[in-house]
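> no sequence on this one, just coordinates:
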């Protein structure tokens, strides 16, 4: 097991033989690190934390540390990170809290760029990109394939739908619709479907056009949300993507950005 002699590792930590622990890493008790995961240098990891296979952690990140939520009183909570993630410099990932399910989770194949903050009880799917300085508040859910651009902030308890694109410097205080291109400070607006991202992932031009029509009726028709949904049902042929958007709207507790 390639462990640098300057690394400090608690005896109860479980590290796969093919994992790599670089200089000046500190790994606490109840930390498990899977095969071929690489900690480059100066990582600080507290448990209970489970990290899967083939991840790479660049220097100066802190993983699984206590929440900044003032209600957190040291109760047992976990951090779980999947496989093939890239965690860049100075990323902070906080473990969960009792009030939020006691778990912060990150899926597979994600890229968290420098200075990203992932707060307590956040759940990030797979294939997500969080660009430099993106800040994810507590209890936020980020769906698969979402992109949150640089220096954007997502308010606690918000949801970011699958395949959504949030532009840089955006201030997100409500749920972000799946498949949407959303950007702005105040106000934040939807600018149609995330066309470029969807094309890259193999969505057909027909589906993308249906999504464009859906977003136009939701955001540009002058109708309220209930009226817009009635128009969408009447004018846009049903497809799984459309049903996902409508279900997302109906389940929203904070309201959706239009």
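Yep, it's here. The model shown is predicted, which means the values in this text are computed figures rather than measured ones.
> low-confidence ranges in this structure?
Screening the chain residue by residue with the criterion pLDDT under 70, one finds the ranges 1.
> quick check: domain ranges of it?
Domain assignment for the chain, taken from automatic domain parsing, gives 8-139, 199-250.
> And the longest one, end to end?
From the first residue to the last, domain 8-139 extends over 31 Å; the measure is CA to CA, to the nearest Å.
> now residue 216, what's its secondary structure?
Counting by DSSP: H, G, I helix; E, B strand; the rest coil, the backbone at residue 216 sits in helix.
> same thing with residue 246?
Reducing the assignment at residue 246 to three states with three-state DSSP gives helix.
> ok, now which ones touch it?
Taking CB atoms under 8 Å, 6 or more residues apart in numbering as the definition of contact, the neighbours of residue 246 are 229, 232. Just so you know, the C-beta spots here come from the backbone N, C-alpha and C atoms, and that holds for glycine as well.
> just to revisit the earlier point, so which of the domains of the chain is the most packed in?
Here the criterion is mean neighbour count by mean count of other CB atoms under 10 Å, and of those the winner is domain 8-139, at a mean of 20.
> I'd like to check which residues are in contact with residue 178.
Taking CB under 8 Å, 6+ apart, we find residue 178 in contact with 143, 161, 162, 163, 164, 241, 244, 245, 248.
> The fourth one: which element?
Element membership of residue 163 [criterion: DSSP states H and E] is none; it lies in no helix or strand.
> For it, grab phi and psi.
In terms of degrees, to the nearest 10, the main-chain angles of residue 163 are phi 60, psi 20.
> That one and residue 142 touch, don't they?
No: proximity of residue 163 to residue 142 does not meet the contact threshold set by CB atoms under 8 Å, at 11.3 Å.
> neighbour-wise, which of these two wins?
When residue 163 and residue 142 are compared for neighbours, residue 142 comes out ahead with 29 against 24, by other CB atoms under 10 Å.
> That one and residue 129: what is the separation?
If you measure residue 142 against residue 129 using CB to CB, to the nearest Å, the figure is 10 Å.
> Check the contact lists of these two and give me the overlap.
Common neighbours of residue 142 and residue 129 (criterion: CB under 8 Å, 6+ apart): residue 148.
> just to revisit the earlier point, just put the contacts of residue 178 in JSON lines and tack on distance to residue 125.
What follows is these, written out as JSON lines (distance: CB to CB, whole Å):
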{"residue": "143", "distance to residue 125": "5"}
{"residue": "161", "distance to residue 125": "10"}
{"residue": "162", "distance to residue 125": "7"}
{"residue": "163", "distance to residue 125": "10"}
{"residue": "164", "distance to residue 125": "11"}
{"residue": "241", "distance to residue 125": "16"}
{"residue": "244", "distance to residue 125": "14"}
{"residue": "245", "distance to residue 125": "17"}
{"residue": "248", "distance to residue 125": "14"}
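> quick one: which of the residues you listed is nearest residue 24?
Checking the contacts of residue 178 against residue 24 with CB to CB, the nearest one is residue 143 at 35.6 Å.
> for the chain, which residue is closest to the average position?
The central residue of the chain, meaning the one whose C-alpha is nearest the mean C-alpha position (CA atoms, centre = their mean), is residue 124 at 3.5 Å.
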